[in-house]
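> Any chance you could fold what I've pasted below:
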Amino acid sequence: RQIGGTTVETPAFSVEFAPTPPPAIPAAAPLQPPPPPPAKMPIANVSESLKPSDSNKLVVAEGLSKQLSRAPRGEAPTVQVAAKLEEKPSSVTPSRRLPLLLGGAAILMLGLALLVANRGMLAQFAVKQARELNLRKDYQGAIAASSQALQTDDRNSEAFYNRGFAYYQLNQQQQALSDLTRAIQLDPSNAKAYYYRGNVRFNLGDDQGALDDLDQAIKLDPTGSDIYLNRGTVKAGLGDEKAALADYNQAIQIDPSQAPAYMNRCLTRSNLNDQDGAIQDCTTAIQLNPNYAFAYQNRGLVYRRLGNVQKAIEDLNVAIRLLPKDADPYYNRGLARNDLGDHRGAIDDFSTAIQLKPDHTLVYYDRALSRLALGDRAGAIADFGQSAKLCLDQGRTTCYKDAQFQLKKLQSSGEVPTKGTGAAETAPQ
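The predicted model follows:
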């Protein structure tokens with residue numbers, strides 16, 4: 001099966017200086033005529049120096065005017081004016097300091113806001129760059145750009161998602177799992193994060209975890225054909241072929257041009273003993289993608305189940321030509337050759353499969369049968385033993401027990417087993 005982100009000018013400071021006090025006015029003699037005009041000039045100067053545009057000066061001017069209006073006729077208000085002028089510095093100094101303090105705090109807050117905004121812009125730029133690098137399949141570059149974004153903003157869910165996606169594409173599954181999990185924690189509405197984490201869990205052998213993630217992805221995005229396709233693959237792996245068939249049907253309904261959905265449904269239909277429907281689905285997948293090696297391999301398996309071994313070999317030949325470094329087409333062709341009695345050809349195919357995939361558990365078992373058919377008892381015993389060991393190492397107890405049974409029977413009585421496994425009838429991921 002196949003599972004597929006300004007330059008700001010600093011304002012000038014305004015500094016308010018206290019005005020220079022006017023000269024003192026000499027006191028007039030009691031009951032004397034008013035002083036000559038020059039003596040009044042400082043008062044006029046004070047009044048003229050007080051500009052209405054200055055709020056603090058307006059207070060002084062108003063006070064001066066009131067004192068003058070209350071002064072007895074013929075008495076100059078020198079003392080009162082001086083008192084007002086002397087009180088001015090102490091009364092206005094705090095109000096002049098306050099704007100300066102507030103202005104400094106505002107500048108500080110502005111600077112902090114600009115710093116935060118600048119860091120946010122840098123993070124978003126790096127996120128956008130990572131997204132574009134992933135589209136160009138430059139996954140190492142995407143990882144570097146995402147890491148740069150996270151240095152600036154360590155709660156950026158998209159940066160975690162982009163990096164997790166890149167790790168997934170590079171087959172670094174544990175790193176992908178960590179980043180995609182963090183992306184989901186920061187943004188639980190990200191259907192794609194659930195989808196790819198489901199794929200990662202499937203690759204790590206956590207089928208139930210994969211199923212849970214794909215279920216959630218479908219709740220968030222019920223129109224994603226790829227999600228149904230991969231969930232069907234997981235369900236088939238768990239042995240629920242009917243549920244898998246329903247998911248493949250839904251994937252095809254959403255996207256009828258999706259060749260992998262037909263290819264997987266081909267195998268599921270064959271497992272449900274609908275061989276004609278299986279042939280039809282594999283053929284449709286090949287029509288959609290003439291170089292689809294897995295579709296040729298699965299159709300070859302269906303033909304072998306139908307007893308048409310020659311057509312099975314023809315399809316497997318095409319699969320091998322398209323995927324010469326894949327062990328499974330060689331293994332399956334070896335089974336078909338055994339069916340035809342071509343044991344030497346079968347041994348050649350089994351041996352090639354072992355070279356390409358040394359931990360292939362079933363191929364040793366079937367090569368042992370071919371060796372026995374040619375009288376190579378020692379070679380058969382060695383292959384049964386290796387098959388049992390690999391099955392045990394991989395936790396496949398049924399496979400281990402079968403290989404052990406055949407090995408003991410052969411060692412004790414010399415009886416020759418006659419039935420191969422014919423297993424591994426699944427297109428590789």
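> any low-confidence regions in this structure?
1-120, 413-429 (pLDDT under 70).
> now with 90?
Residue ranges of the chain with pLDDT under 90: 1-124, 152, 361, 395-396, 399, 406-429.
> From residue 132, how far out is the residue nearest to residue 139 when sequence neighbours are not counted?
Closest residue to residue 139 apart from its sequence neighbours, by C-beta to C-beta, 6 or more residues apart in numbering: residue 166 at 4.0 Å. Where you see a C-beta, it was placed from the backbone N, CA and C, and this is true even at glycine. To residue 132, residue 166 is 12 Å away according to C-beta to C-beta, to the nearest Å.
> what's the helix or strand for the residue nearest to residue 139?
Using DSSP states H and E, residue 166 falls within helix 157-169.
> ok, then the element right after that helix?
helix 173-186.
> who touches that following helix?
If you take C-beta atoms under 8 Å, 6 or more residues apart in numbering as the criterion, helix 173-186 is touched by 155-158, 160-161, 163-165, 167-168, 190, 193-194, 196-197, 200-201, 203-204.
> tilt between that helix and helix 157-169?
Counting by axes from the mean of the first three to the mean of the last three C-alpha atoms, to 10 degrees, helix 173-186 points 160 degrees away from the direction of helix 157-169.
> What residues of helix 173-186 count as buried?
173, 175-184, 186 (16 or more other C-beta atoms under 10 Å).
> again with stretch 303-322
By 16+ other C-beta under 10 Å, the buried positions in stretch 303-322 come out as 303-305, 308-309, 311-313, 315-316, 318-320, 322.
> Mark which of the contacts of helix 173-186 are buried, thanks.
When those are checked for burial by 16+ other C-beta under 10 Å, the buried set is 156-158, 160-161, 163-165, 167-168, 190, 193-194, 196-197, 200-201, 203.
> Mind giving me the packing neighbours of the helix or strand harbouring residue 351?
For residue 351, the element it lies in under DSSP H and E is helix 343-356. Contacts defined by 3 or more C-beta pairs under 8 Å, 6 or more residues apart in numbering; DSSP states H and E place helix 343-356 against helix 327-339, helix 361-373.
> Kindly reformat these as TSV and extend each row with mean neighbour count and distance to residue 244.
Shown next, in TSV, are the helices and strands packed on helix 343-356 (neighbours: other C-beta atoms under 10 Å; distance: least, C-beta to C-beta, whole Å):
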stretch	mean neighbour count	distance to residue 244
helix 327-339	25	20
helix 361-373	25	22
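> and residue 145, which of those helices is closest to it?
helix 327-339 (36.6 Å; C-beta to C-beta).
> In terms of secondary structure, what does the closest one contact?
helix 293-305, helix 309-322, helix 343-356, helix 361-373.
> Would you format the ones you listed as JSON lines with distance to residue 250 included?
Listed next are the helices and strands packed on helix 327-339 as JSON lines, based on distance: least, C-beta to C-beta, whole Å:
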{"stretch": "helix 293-305", "distance to residue 250": "20"}
{"stretch": "helix 309-322", "distance to residue 250": "28"}
{"stretch": "helix 343-356", "distance to residue 250": "35"}
{"stretch": "helix 361-373", "distance to residue 250": "32"}
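> Please identify which of these is closest to residue 229.
helix 293-305 (13.2 Å).
> Contacts for that closest one next, please.
Under C-beta under 8 Å, 6+ apart, the answer for helix 293-305 is 2, 259, 262-263, 266-267, 270, 275, 278-279, 282-283, 285-286, 289, 309, 311-316, 318-319, 322-323, 326, 328-329, 332-333, 335-336, 339, 425, 427-428.
> for stretch 240-252, same thing?
Contacts of stretch 240-252 (C-beta under 8 Å, 6+ apart): 225-226, 228-229, 231-233, 235-236, 258, 261-262, 264-265, 268-269, 271-272.
> Buried ones in the helix or strand containing residue 229, by neighbour count?
In this structure, residue 229 is located in helix 225-237 according to DSSP H and E. For helix 225-237, burial by neighbour count (16+ other C-beta under 10 Å) applies to 225-237.
> Show me which of the residues you listed is closest to residue 218.
Ranked by distance to residue 218 (C-beta to C-beta), the buried residues of helix 225-237 are led by residue 227 at 5.3 Å.
> Residue 379 contacts residue 371, correct?
Yes. In terms of C-beta atoms under 8 Å, residue 379 counts as a neighbour of residue 371; the distance is 4.1 Å.
> Of all the helices and strands packed on helix 327-339, which one comes closest to residue 385?
Residue 385 lies closest to helix 361-373 among the helices and strands packed on helix 327-339, at 8.5 Å (C-beta to C-beta).
> Please pull up the helix or strand immediately following that closest one.
In N-to-C order, the element after helix 361-373 by DSSP H and E is helix 377-393.
> Just the buried positions in that following helix, please.
Buried, per 16+ other C-beta under 10 Å, within helix 377-393: 379-388, 390-392.
> What is the burial count for residue 398?
Neighbourhood size, residue 398 [other C-beta atoms under 10 Å]: 8.
> and what of residue 205?
Quick note: residue 205 (other C-beta under 10 Å) scores 10 neighbours.
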